[in-house]
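Chemist: turn this into a model:
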Amino acid sequence: MAKAKRIRDSSGDRLFVGVVTFITALILLLVMYPLVYVLSSSFSNGEAVMAGRVYLWPVDLSLDGYKMVFNDNSVSTGFRNSLGYMAVGTCINMVMTTLLAFPLSRRKLPGRNLIMFMVAFTMFFSGGLIPTFLIVEKLGMVDTLWAMVIPNAISTFNLIIMRTYFQNSLPEELFESAALDGCGNFRFLLRIALPLSTPILAVLVLYYAVAHWNSYFNALIYLRSSSNISLQLALRNILLANQLSGGGDSFGEMVKIGITVKYAVIVVSSLPVVILYPFIQKYFIKGIMVGAIKG
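Modeler: Residues are numbered from 1 along each chain as shown. Take a look at the predicted model:
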């Protein structure tokens with residue numbers, strides 16, 4: 001015990017801890033500063049931002065950017081729609097991914113390697129944008145909720161992570177033991193596999209939810225009416241409209257407001273994800289590390 005304590009208190013150990021702490025703190029500063037700068041700039045006067053006087057704290061406190069954003073009715077509509085797209089889309093993603101990942105994780109599945117090859121093939125080759133759009137249009141999903149959630153119902157990357165997690169965390173002996181007690185495949189998935197897979201489920205919920213919340217390109221392609229507009233598309237329209245018309249009486253005023261609107265748009269679009277992340281963080285490291293191990 002005394003020897004272990006001397007090893008822990010050795011100068012080399014203290015030096016290692018000090019170096020790791022310094023590097024971690026440096027990385028934290030490099031990551032946090034852009035976020036702090038964006039937040040401070042969104043609350044600063046546009047002239048101060050243009051002059052480069054904003055470093056850490058807001059300068060000449062101003063809410064012009066946020067007023068410009070929230071005075072537009074499309075923001076509330078887009079916020080509500082994006083929450084719906086995210087909730088419905090994430091549910092579909094998780095159900096579809098789980099139902100495919102679980103059987104692929106069982107080594108006794110006939111044709112398992114061939115199916116996995118076909119799934120992985122889609123990571124590198126796809127039908128392309130135009131064929132995908134034509135299919136969505138033929139199915140009558142343009143300008144509907146389904147155009148935002150069905151084309152990307154399964155992410156191959158997330159599927160591989162979940163499949164690997166199931167394969168490494170749920171041994172065949174566990175399934176065989178449950179089968180002896182009369183437990184079928186579907187019941188095993190609901191009663192045993194999913195309760196034991198909370199970390200990876202939380203991680204993939206975060207991945208899918210963030211992807212839906214940040215979805216801009218699909219909204220730009222498939223959504224037509226203002227009633228179905230997503231938040232990202234609404235904020236983009238506000239930013240473009242402000243750059244074109246300015247919202248001010250002069251070109252200088254237009255530029256100043258445009259800068260604060262830009263930063264306000266970034267804060268508004270990122271806030272829900274920032275709020276969601278702390279609730280899932282405790283599962284994140286465990287889930288992604290175990291799911292990333294090659295099976």
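
Chemist: which parts of the helix or strand encompassing Phe117 are buried?
Modeler: In the assignment (DSSP states H and E), Phe117 maps to helix 112-121. In terms of neighbour count (16 or more other Cβ atoms under 10 Å), helix 112-121 has its buried residues at Met116, Val119. For glycine as for every other residue, the C-beta is placed from the backbone atoms N, C-alpha and C.

Chemist: do the same with stretch 169-182
Modeler: For stretch 169-182, a neighbour-count test (16+ other Cβ under 10 Å) marks Ser169, Leu170, Phe175, Ala178 as buried.

Chemist: now, which of these sits nearest Val261?
Modeler: The shortest approach to Val261 among the buried residues of stretch 169-182 belongs to Ser169, at 46.9 Å (Cβ to Cβ).

Chemist: hmm, back to that, alpha carbons of the helix holding Phe117, as CSV, please.
Modeler: What follows is helix 112-121, C-alpha atoms only, in CSV (Å, rounded to 0.1, in the frame of the first residue of the first chain):
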residue,chain,number,x,y,z
ARG,A,112,-26.0,-11.9,-42.0
ASN,A,113,-22.7,-10.9,-43.7
LEU,A,114,-24.4,-10.4,-47.1
ILE,A,115,-27.1,-8.1,-45.5
MET,A,116,-24.4,-6.2,-43.6
PHE,A,117,-22.4,-5.7,-46.9
MET,A,118,-25.5,-4.4,-48.6
VAL,A,119,-26.2,-2.0,-45.7
ALA,A,120,-22.6,-0.8,-45.6
PHE,A,121,-22.6,-0.3,-49.4
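
Chemist: and it, average pLDDT?
Modeler: When pLDDT is averaged along helix 112-121, the result is 88.

Chemist: how far is that helix from where the chain is centred?
Modeler: Centroid separation for helix 112-121 versus its chain: 25 Å, with Cα atoms, centre = their mean, to the nearest Å.

Chemist: helix or strand next in line after it, which one?
Modeler: helix 129-138.

Chemist: which residues touch that following helix?
Modeler: When contacts are defined by Cβ atoms under 8 Å, 6 or more residues apart in numbering, helix 129-138 is touched by residues Ser126, Gly127, Val142, Ala147, Ile150, Pro151, Ile221, Tyr222.

Chemist: gap between the residue most central in space within the chain and Ala25?
Modeler: By Cα atoms, centre = their mean, the mean C-alpha position of the chain lies nearest to Val210, the distance being 2.3 Å. Look at Val210 and Ala25: by Cβ to Cβ, to the nearest Å, they are 26 Å apart.

Chemist: how about Gly18?
Modeler: Applying Cβ to Cβ to Gly18 and Ala25 gives a distance of 11 Å.

Chemist: repeat that for Phe217.
Modeler: Distance from Phe217 to Ala25, counting by Cβ to Cβ: 37 Å.

Chemist: check which element follows the lowest-mean-pLDDT helix or strand in the chain along the chain.
Modeler: Sorting the helices and strands of the chain by mean pLDDT, DSSP states H and E puts helix 2-8 at the bottom, at a mean of 51. Going down the chain from helix 2-8, the next helix or strand is helix 11-42, by DSSP H and E.

Chemist: for the nearest residue to Arg163 once chain neighbours are set aside, the count of nearby residues, please.
Modeler: Distances taken as Cβ to Cβ, 6 or more residues apart in numbering put Ala101 closest to Arg163, at 4.1 Å, once the chain neighbours are dropped. Other residues within reach of Ala101, judged by other Cβ atoms under 10 Å, total 26.

Chemist: and Ala101, what element?
Modeler: Using DSSP H and E, Ala101 sits within helix 73-105.

Chemist: that helix vs helix 112-121, what angle?
Modeler: 160 degrees (axes from the mean of the first three to the mean of the last three Cα atoms, to 10 degrees).

Chemist: next, the buried residues of helix 73-105.
Modeler: 74-75, 77-79, 81-82, 84-86, 89-90, 92-94, 97-98, 100-102, 104-105.

Chemist: stretch 193-204 too?
Modeler: By neighbour count with 16+ other Cβ under 10 Å, stretch 193-204 contains the buried residues Ala193, Ser197, Pro199, Ile200, Leu201, Ala202, Val203, Leu204.
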